[in-house]
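[1] sequence and predicted structure below; questions after.
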Amino acid sequence: MASSMNHYQRPLLVLFGILLCAIATAGELTKPDIEQRFQNHVAHTGAAVASGVSLHVGDKLHDIAVWPLYSDQSPDSNPVEYVFETIDLAPIPGFEGTPINMLVEMDVSGKFLSVEALTQREPVFVSGLGPGPLINFLKQYEGLNLRQEITIASGYGNQTSHASGGANRVVVDGVAKATASVRIINQSLLGAALAVARSKLGFAQQSATALPATFKNIPFEKLDLPTLIRRGYVQHVTITNAEVEKLFVGTDGAGLDEAVLKNPDGIFADMTVASLNSPIVGRNLLGDDNWAQLQTHLQDNRAAYWVATSGAYSLTDDSFTPGSSPQRLELSQQDLPIELRDTNRDYARNPLFPNLNAALILAVAPQAGLDPGQPMDFRLTVSRARGSIMPVITQKQLVLHYTPPPELFDYPPKPLPEWLQAWQGRLPDLVIISVALLLLTAMLIWPHFISIHPKRLFVFRIGFLLFTLGFIGWHAQGQLSIVQITGAIKSMMAGAGLASFLYDPISLLLIAFTAISLVVWGRGTFCGWLCPFGVLQELVGLVARFNKIPQWRLPPRVSKFLSRSRYVVLAALMMAAAWAPAWAVKMVEIEPFKTAITVNFQREWPYLVWAIGVLLLGVFVYKFFCRYLCPLGAALTVLGKLRRFKWLQRIPACGNPCQRCRHACHYDAITPQGAIVYDDCFQCLDCVGIYHDDTRCVPKVIYNTKGVTIQVRPSKS
Ligand code: SF4
Ligand code: SF4
């Protein structure tokens, strides 16, 4: 059963539970702030207003937290840009537990005009790398469009490897040593922008960032009209006079069309639509020569649709000019209006359909945002006017819901969620670390084989520790930190969950393993084997001992008293995280992890002095920082109270009178009575080796050589 809690550890557990952080989840700027930044700001966009026109800021909207920016030169009175804080719309917590807040300026076409970090406490950008790389990272968004698939370069630490993709795909450079943070930032930025797009720009209902389908090159076969219709290659909708009259019921347009009223069963309009890009549709409808000619005309990857009407109503009126957009026809996809333009082809009139009153081949520009493989709506507008002076106009639309036949398209795989891409990019590292963790697990379950031979244990331990320092720490950036614990608590307190950890798979794997090991073996598994900075100290201590540098072994009472200072540091950090986050960001620098591991000693001199100073102390006092200062070690010690097993074996002779293991333990984790103090044990396994070794365990040696029995029945301590 786990030992009872010390009186100074209980309040810390309570503090863990009530880390009362006031996380800012509302925007921080006021209208005057926005005016200061954007009033009279020159519009960059050509989407709605001419470039060079100044803007003015409207009131923050009530339905969604955005500021509209208006221009007097706008052809209508609608906003030409929107400005918003990401924390209002997609508050995804970063590693410190607080959402990163960015101010985004986006035009009505979905183009990012500027992105600026307002508040961020990402440890690596606060100090360490500093804010410069973050500013440069955000600058890359300027000019990109939300309709593009924006992803972060996948290679870890690789700022230049841009995965290839479709024309709509943009890969922005990540930031080495901050890969998880920039993925969270990307997710937050796109999430907020999509919310604005859905609410205000009328697009991005589901897949604005997905790649569009492409036309498949399926073998041509001659098909007759009924087959084309049966397969959905040609689709149509028929509206009777009665149905169109029903649309106007209750409006000023009701009962105005005599011809409709006289013949309710008559066909008002039959609208037919076919996508012409696929040869199996285009060649069968237009004939080989016309289709080939159309392909030449569409060279710029435009999508082309044949739209025709028969019956009483036509898709063109007298004012229609060939080559323009037909006023009566609209195309939309996921509520995104898309412009159709007549290609002015004289072969649009199709002999297969003798009764047409109008037929056009209409093209859609590739940048219009149409996905030809997804359903779309063709809407034919019917207008009626009541009165001749100041007539009241009523408009209704006949809709053809066009569903593209899936066999005509290649659908690109759906882009993986950002967090999954992070896992994909780190797969080799994850596999290697998982194998190492399995090895460590096996060794801790069966410690006898490795520990019984001092040399074997030394080689295994040094090998594993070098792996932890070099691979987990310096290469994979898997140094856990107290920031992750306070960040996780803050995130959960704010109801944001722990999703942000998904973006840092290496840390998540280590956190999961450490959590399990805390319950099974106690805090020593992490501190003794998996903490890169702990390893650095251990190596410093070993080199010092090897060079016979005198070691100061503090008297047990002094050591015990000093070790409590870790809990004071931990409590101070948690309180600062709760009530003074700006202080917490500075205080957390007591951990030299960022300096020594994350940025590999490339920092300003005060941080270097601290990290090197702490390591130098470890030359004389073995693992000084771990034992007397480390807040993470203290937190793990408190959480280590969850340990369910006393797995380090003892015999009654341990401490009574034998003191062999106690003197061998460099961590002073064995009491004079022979009991293991799991709070202080780093699981170096030295005592385990002695315990199993008949030539080193004193009671066993005495028994074997002199036949004197000292009680050697195993017990647990
Ligand atoms: S006490 Fe701190 S520095 Fe030492 S091994 Fe544990 S977490 Fe790492
Ligand atoms: S020698 Fe000390 S630190 Fe090592 S396993 Fe035994 S009690 Fe733990």
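    Now that the structure is in, tell me what you want to look at. Residues are numbered from 1 along each chain as shown. Ligands and ions are numbered 1, 2, ... in the order given.

[2] please count neighbours and contacts with C-alpha atoms only from this point.
    Noted.

[3] now the phi/psi pair for the closest residue to residue 61 other than its chain neighbours, please.
    Closest residue to residue 61 apart from its sequence neighbours, by CA to CA, 6 or more residues apart in numbering: residue 67 at 6.3 Å. Backbone torsions of residue 67, given as degrees, to the nearest 10, read phi -100, psi 120.

[4] I'd assumed residue 93 was in contact with residue 484.
    No: the criterion here is CA atoms under 8 Å, and residue 484 misses it with residue 93 at 11.4 Å.

[5] settle it for me: which of the two has more neighbours?
    More crowded of residue 484 and residue 93, by other CA atoms under 10 Å: residue 93, with 32 against 19.

[6] now the closest residue to the more buried one other than its chain neighbours: phi and psi?
    Counting by CA to CA, 6+ apart, residue 93 lies nearest to residue 99, which is 3.8 Å off, once chain neighbours are set aside. Main-chain torsions, residue 99, degrees, to the nearest 10: phi -60, psi 150.

[7] confidence score at residue 99?
    Listed pLDDT for residue 99 reads 83.

[8] strands of the stretch 451-600 of the chain, residue ranges please.
    With DSSP state E, counting those that start in this stretch, there are no strands along the stretch 451-600 of the chain.

[9] got any ranges where it has weak pLDDT?
    491, 494-497 (pLDDT under 70).

[10] what parts of the protein come near ligand 1?
    Residues of the chain lying close to ligand 1 by CA under 6 Å from any ligand atom are 527, 528, 531, 533, 534, 626, 630, 632, 633.

[11] wait, isn't the residue nearest to residue 93 in contact with residue 117?
    No: with contacts counted by CA under 8 Å, residue 99 stays clear of residue 117, the gap being 11.1 Å.

[12] so for the two, which residue has more residues nearby?
    Under the criterion of other CA under 10 Å, the comparison of residue 99 against residue 117 puts residue 99 first, with 27 against 17.

[13] how close does that one sit to residue 316?
    For residue 99, the distance to residue 316 equals 53 Å [CA to CA, to the nearest Å].

[14] how near is the residue nearest to residue 93 to residue 271?
    51 Å.

[15] confirm that residue 272 sits in a helix.
    No: going by DSSP: H, G, I helix; E, B strand; the rest coil, the assignment for residue 272 is strand, not a helix.

[16] count the residues that sit near it.
    23.

[17] give me the three-state assignment for the spatially closest residue to it that is not a sequence neighbour.
    Computed as CA to CA, 6+ apart, the closest residue to residue 272 that is not its neighbour in sequence is residue 236, at 4.1 Å. Using three-state DSSP, the three-state assignment for residue 236 comes out as strand.

[18] which one of the residues in the stretch 101-250 of the chain is closest to ligand 1?
    The nearest approach of the stretch 101-250 of the chain to ligand 1 comes at residue 123, 17.1 Å away (CA to the nearest ligand atom).

[19] thinking that residue is in contact with residue 585, fair?
    Yes: taking contacts as CA under 8 Å, residue 123 lies within contact range of residue 585: 7.2 Å.

[20] where does residue 93 fall, phi/psi-wise?
    Per degrees, to the nearest 10, the backbone of residue 93 is at phi -70, psi 140.

[21] nope, residue 665 is what I was after
    Torsion angles, degrees, to the nearest 10, at residue 665: phi -80, psi 110.

[22] residues contacting it?
    686, 687 (CA atoms under 8 Å, 6 or more residues apart in numbering).

[23] what of residue 492?
    residue 498.

[24] next one: the one 10 residues further on
    With contacts taken as CA under 8 Å, 6+ apart, residue 502 has the following neighbours: 419, 508.

[25] next: the one 3 residues further on.
    The contact partners of residue 505, taken as CA under 8 Å, 6+ apart, are 422, 423, 426, 430.

[26] my guess is residue 643 meets residue 519, correct?
    Yes: when contacts are counted by CA under 8 Å, residue 643 is listed as touching residue 519 (4.0 Å).

[27] so for these two, which residue has more residues nearby?
    residue 643 (20 against 17).

[28] got a pLDDT number for the more buried one?
    For residue 643, pLDDT reads 87.

[29] quick check: the gap between it and residue 567.
    From residue 643 over to residue 567 (counting by CA to CA), the distance is 19 Å.

[30] same deal with residue 239?
    With CA to CA as the criterion, residue 239 and residue 567 are 78 Å apart.

[31] ok, these two, which is more surrounded?
    Set side by side, residue 239 and residue 567 show more neighbours around residue 567, with 24 against 18, by other CA under 10 Å.
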